[in-house]
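Just need the structure, nothing else, for what follows:
(chains A and B)
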Amino acid sequence: MRSAPVGVEKVSLYNQYTIQNMAYTEEELKKELETKEYEYGFYTDIESDTFPKGLSEEVVIALSKKKEEPEWMTLWRLEAYKGWKEMTEPEWANIHYQKPDFQDISYYSAPNKKPKYESLDEVDPELLDTFKKLGISLDEQKKLAGVAVDIVMDSVSVATTFKKTLAEKGIIFCSISEAIKEHPELVKKYIGSVIPKKDNFYAALNSAVFSDGSFCYIPKGVRCPMELSTYFRINQAGTGQFERTLVIADKGSYVSYLEGCTAPSRDENQLHAAVVELIALDDAEIKYSTVQNWFPGNKEGKGGVYNFVTKRGLCERNAKISWTQVETGSAITWKYPSCILKGDNSIGEFYSIAVTNNFQQADTGTKMIHLGKNTRSTIISKGISAGKSQNSYRGLVQVNSRADNARNFSQCDSLLMGNDCGAHTFPYIEAKNKSAQIEHEATTSKIGEDQIFYCNQRGIDTEKAIALIVNGFSKEVLNKLPMEFAVEAQKLLEISLEGSVG
Amino acid sequence: MLKIKDLHASVEGKEILTGVNLEVKPGEVHAIMGPNGSGKSTLASVIAGNEDFEITKGTILFEGEDLDEVSPEERAHKGIFLSFQYPVEIPGVSVTNFMKTAINESRKARGQEDMPANQMLKLIREKSELLDIDRKFLSRSLNEGFSGGEKKRNEIFQMAMLEPKMAILDETDSGLDIDALRIVANGVNKLKSKDNAVILITHYQRLLEYIIPDFVHVIHDGKIVKSGTKELALELEEKGYDWLKKEPVA
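Residues are numbered from 1 along each chain as shown, chains lettered A, B, ... in the order given. You can find the predicted model right below:
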């Protein structure tokens, strides 16, 4: 049973929205409301905690209220919303898709606590097959597929010990919603400090309506003793389509952060617009690794997630930020993890593998903004295209006039499989300081039949041969991933390219 | 072990093999010689199952089984090895990793478990010593930046690791200096047994001073025009191939 006030609030919201957009008579309006109510089912018990579709100031306010946020956060969201309203979707990327209707999305849905399935037998066998190939344990399979888990004692105890160790070091690792309530001074100071709330269309949208995400703070001089992984934040799953992450490494601290999961994530939400902000204060280091495997759509290119992400890190003096990403999923990937090298002697790194198959499109790369003196950046990008996919690298290396002795090295390699895919490289270089040293190397290669026959002759079948060649091609980036993540990522590459030759 | 009957093969409509007959028994070493373009390398590729070539007539039997429908990797699993004339480069894949994959794929095909790491290590140590291969070499990307000699030595190292029943060495001697040739030949000789067979494809008699063949065949215009013992190789060295070209096929 739902409580009356919430219902009233929703109806009034809907009312206002309708009035603003259509000049209906009172009678028509009432009729429309009734039918719509039925259609969206916001009086049924099941969907009672989901907002009606559409975005407006009221929705933003209601969302913030629902999450019991302080006023400053609500105002912050509203400003973002106002900014977003004035913006248009960017069109410069080398991707083609049907633009989402932003008024046809519900911006709040309470986390579903009920398990989707009672046992693994009910889960899509294809999904289970993939889990098996990835070597995921039964318990984890259940968790990932949304099956009721009854024997998670192991992972609970792991998580508990994990949290205890972190607390002893003064490390804060929680959901962003919790951080807004428990650590408002940190959130207030840093949220939007690297990615302003009106930075771009998707970042503004995220700022207005982000549902949840992760927050991490490493105190001065502390070296985080373990890889921080969203995996351990149990009961925080299902952060929704607008995820927000904020990582702050205080002076002289170090953290390695793992995001995502190699297991395929099937999601009903077609649009994902996440924001990740990293702040590395003086002498701090952040290593941020991502494995993204959202549903890429079927072989005909139907369905699949649109992934529009804004990721950026700020480096103060002597700080270092490394982005490592393995992107195999999504129908569309639009993503440029970047580094602002503000402090002198700071270092930015970007290591990326992007795989596209079938009809997938990826436009991904990085921005390295050199502001401080003696700043260095390295970009290693490996694009693998198969099927009818399109894979683009887009990168900007910018050296500011005061950034003396800035150095950049970029290497962009593309591997093509078959004759129907495409690889594109768009490197942008802007140097305003004569002492800058910028190197860019690019290669494009194709898997040769002679390479495959050579492997075949040694007893390696074609599928495995391709995996071997692709892994070899991606090695420099795979080596940057934490060990167990790298093993999983390798398997993932194999699975993503399965059936791409024949 | 290997029985080739009236084998005809063509590439892009052009017939290269025009009726090859050959029988190889366990424990034997056969040398196949002939001028450039006579079909030596094609024969090697066809036995290994390279699909660039189309078999238009004839059969290849390996241990009594017709290889016609057998994929290249399955032929490898059955114990056929080809040392390539021009080994390809695979960037980022180390020699060790490549061998590990190859060995375990063959084991998998035979229903065996992966080879335990310590056993693999022991095998690598043993075989690399046999061929005088530096350990550092094994961590390099397969054939990438290898000298001609290194590539060939690496082929024989792989052969040693995989222990095939039948090895076809396609011009393994070309590009080798005399020291490397001696090491490679020495390796092949040590790997020889009464159960396995070797087919040496070569242009020159030089290799045959180190690996003594039981039979020598001369291939010309896509078929074997003369067979004999090691003396035939010496005769060829002396007279060249021209006299054979003129001789009518028996």
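
From here on, just use CA atoms for contacts and neighbour counts.
Will do.

what residues does chain B put near chain A?
When proximity is defined by C-alpha under 8 Å from any C-alpha of the partner chain, chain B lies next to chain A at B:48, B:50, B:72-77, B:81-82, B:87-93, B:101-103, B:105-106.

who does the residue nearest the centre of chain B bridge with?
Here the mean C-alpha position of chain B is nearest to the C-alpha of B:Ile168 (C-alpha atoms, centre = their mean), at a distance of 1.8 Å. In this structure, B:Ile168 bridges to B:Leu82, B:Ile199 when assessed by DSSP bridges.

I'd like the distance between it and A:Asn358.
39 Å (C-alpha to C-alpha, to the nearest Å).

Contacts only, for the residue lying closest to B:Phe84 once chain neighbours are set aside.
Taking C-alpha to C-alpha, 6 or more residues apart in numbering or on different chains, and ignoring the residues beside it in sequence, B:Phe84 has B:Asp170 as its nearest neighbour in space, at 5.7 Å. For B:Asp170, the contacting residues are B:41, B:44, B:82-85, B:200-202, by C-alpha atoms under 8 Å, 6 or more residues apart in numbering or on different chains.

quick one: pLDDT of residue 26?
If you meant another chain, say so; for now it's chain A. Model confidence at A:Glu26, given as pLDDT, is 51.

Let me rephrase: I mean chain B.
As predicted, B:Pro26 sits at a pLDDT of 96.

And A:Val309, by the same measure?
With respect to pLDDT, A:Val309 scores 90.

Help me confirm that it is found in a strand?
Yes. Applying DSSP: H, G, I helix; E, B strand; the rest coil, one finds A:Val309 inside a strand.

need the strands for chain B, in chain order.
Secondary structure of chain B by DSSP state E: the strands cover B:2-11, B:14-24, B:29-33, B:54-62, B:65-66, B:80-83, B:90-94, B:141-142, B:166-170, B:197-202, B:215-220, B:223-228.

need the helices for the stretch 201-350 of chain A, in chain order.
A:201-209 (DSSP state H, counting those that start in this stretch).

so where's it shaky on pLDDT?
Under the criterion of pLDDT under 70, the regions of the stretch 201-350 of chain A flagged as low confidence span A:230-240, A:261-269, A:301.

near chain B, which residues of it show up?
Counting by C-alpha under 8 Å from any C-alpha, no residue of the stretch 201-350 of chain A sits close to chain B.

Show me what residue of the stretch 201-350 of chain A gets nearest to chain B.
A:Val326 (17.2 Å; C-alpha to the nearest C-alpha).

if you skip the residues just before and after it, what's nearest to B:Asn183?
If you look again at residue B:183, you'll see it is Ile, not Asn. The spatially closest residue to B:Ile183, leaving aside those adjacent along the chain, is B:Leu131, at 6.2 Å (C-alpha to C-alpha, 6+ apart).

Would you confirm that that neighbour contacts B:Val184?
Yes. Assessed by C-alpha atoms under 8 Å, B:Leu131 is found in contact with B:Val184 at 6.7 Å.

out of the two, which sits in the busier spot?
Remark: of B:Leu131 and B:Val184, B:Val184 carries more neighbours, 28 against 21, as counted by other C-alpha atoms under 10 Å in any protein chain shown.

Verify the contact between that one and B:Gln158 for me.
No. Here B:Val184 does not reach B:Gln158: they are 11.8 Å apart, not a contact under C-alpha under 8 Å.

dump the residue contacts of the residue of the stretch 201-350 of chain A closest to chain B.
By C-alpha under 8 Å, 6+ apart, A:Val326 lies in contact with A:290-292, A:352-355, A:489.

how about the helices in chain B?
B:40-48, B:72-77, B:95-109, B:117-130, B:148-162, B:178-191, B:230-239, B:242-246 (DSSP state H).

An error on my part: the question was meant for the stretch 351-500 of chain A.
Per DSSP H, counting those that start in this stretch, the stretch 351-500 of chain A has helices spanning A:449-457, A:462-478, A:483-496. These are given in chain order.

Out of these, which is closest to B:Lys14?
With C-alpha to C-alpha as the criterion, B:Lys14 lies closest to helix A:449-457 of the helices of the stretch 351-500 of chain A, at 20.1 Å.

got any ranges where the stretch 1-150 of chain A has weak pLDDT?
Judged by pLDDT under 70, the stretch 1-150 of chain A has its weakly predicted residues at A:1-50, A:109-150.

who touches both of B:Leu131 and B:Val184?
Listed as contacting both B:Leu131 and B:Val184 by C-alpha under 8 Å, 6+ apart are B:153, B:156.

residues near residue 177, how many?
No chain in the question, so chain A it is. Each residue near A:Ser177 was counted by other C-alpha under 10 Å, and the total is 20.

Wait, chain B was what I had in mind.
Other residues near B:Asp177 number 11, with proximity taken as other C-alpha under 10 Å.

picking up where we left off before, and A:Ser338, which of the helices of chain B is closest to it?
helix B:95-109 (33.7 Å).

Would you mark the buried spots in the closest one?
Using 16 or more other C-alpha atoms under 10 Å in any protein chain shown as the test for burial, helix B:95-109 gives B:95-107, B:109.

and what of stretch B:9-20?
For stretch B:9-20, using 16+ other C-alpha under 10 Å, the buried residues are B:9-10, B:15-20.

Now render those residues as CSV, adding pLDDT.
Below are the buried residues of stretch B:9-20 laid out as CSV (pLDDT from 0 to 100):
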residue, pLDDT
B:Ala9, 96
B:Ser10, 95
B:Glu15, 94
B:Ile16, 95
B:Leu17, 95
B:Thr18, 95
B:Gly19, 94
B:Val20, 96
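
and the closest residue to B:Leu207 other than its chain neighbours, what does it touch?
Leaving out its chain neighbours, the residue that sits closest to B:Leu207 by C-alpha to C-alpha, 6+ apart is B:Asp173, at 6.3 Å. Contacts of B:Asp173 were listed using C-alpha under 8 Å, 6+ apart, and they are B:152, B:181, B:202, B:207.

Please indicate which of these are buried?
Buried among the contacts of B:Asp173 (16+ other C-alpha under 10 Å): B:152, B:181, B:202, B:207.

hang on, isn't the residue nearest to the centre of chain B packed against B:Thr202?
No. The pair formed by B:Ile168 and B:Thr202 falls short of the contact definition of C-alpha under 8 Å, at 10.6 Å.

What's the separation between A:Pro225 and A:Glu89?
As judged by C-alpha to C-alpha, A:Pro225 and A:Glu89 stand 41 Å apart.

dump the residue contacts of residue 201.
If you meant another chain, say so; for now it's chain A. If a contact means C-alpha under 8 Å, 6+ apart, then A:Phe201 has A:84, A:87-90 as its contacts.

oops, chain B please
With contacts taken as C-alpha under 8 Å, 6+ apart, B:Ile201 has the following neighbours: B:31-33, B:40-41, B:168-172.

Show me where the stretch 351-500 of chain A has its strands.
All strands of the stretch 351-500 of chain A, identified by DSSP state E, counting those that start in this stretch, fall at A:361-370, A:376-385, A:390-399, A:407-416, A:422-431, A:437-446.

will you turn those into TSV that also has mean pLDDT?
Written out in TSV, the entries for the strands of the stretch 351-500 of chain A read as follows (pLDDT from 0 to 100):
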stretch	mean pLDDT
strand A:361-370	93
strand A:376-385	94
strand A:390-399	93
strand A:407-416	94
strand A:422-431	92
strand A:437-446	92
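
Any chance of CSV for these, columns distance to chain B and mean neighbour count?
Listed next are these as CSV, based on distance: least, C-alpha to the nearest C-alpha, whole Å; neighbours: other C-alpha atoms under 10 Å in any protein chain shown:
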stretch, distance to chain B, mean neighbour count
strand A:361-370, 22, 27
strand A:376-385, 13, 26
strand A:390-399, 21, 25
strand A:407-416, 12, 21
strand A:422-431, 19, 17
strand A:437-446, 11, 13
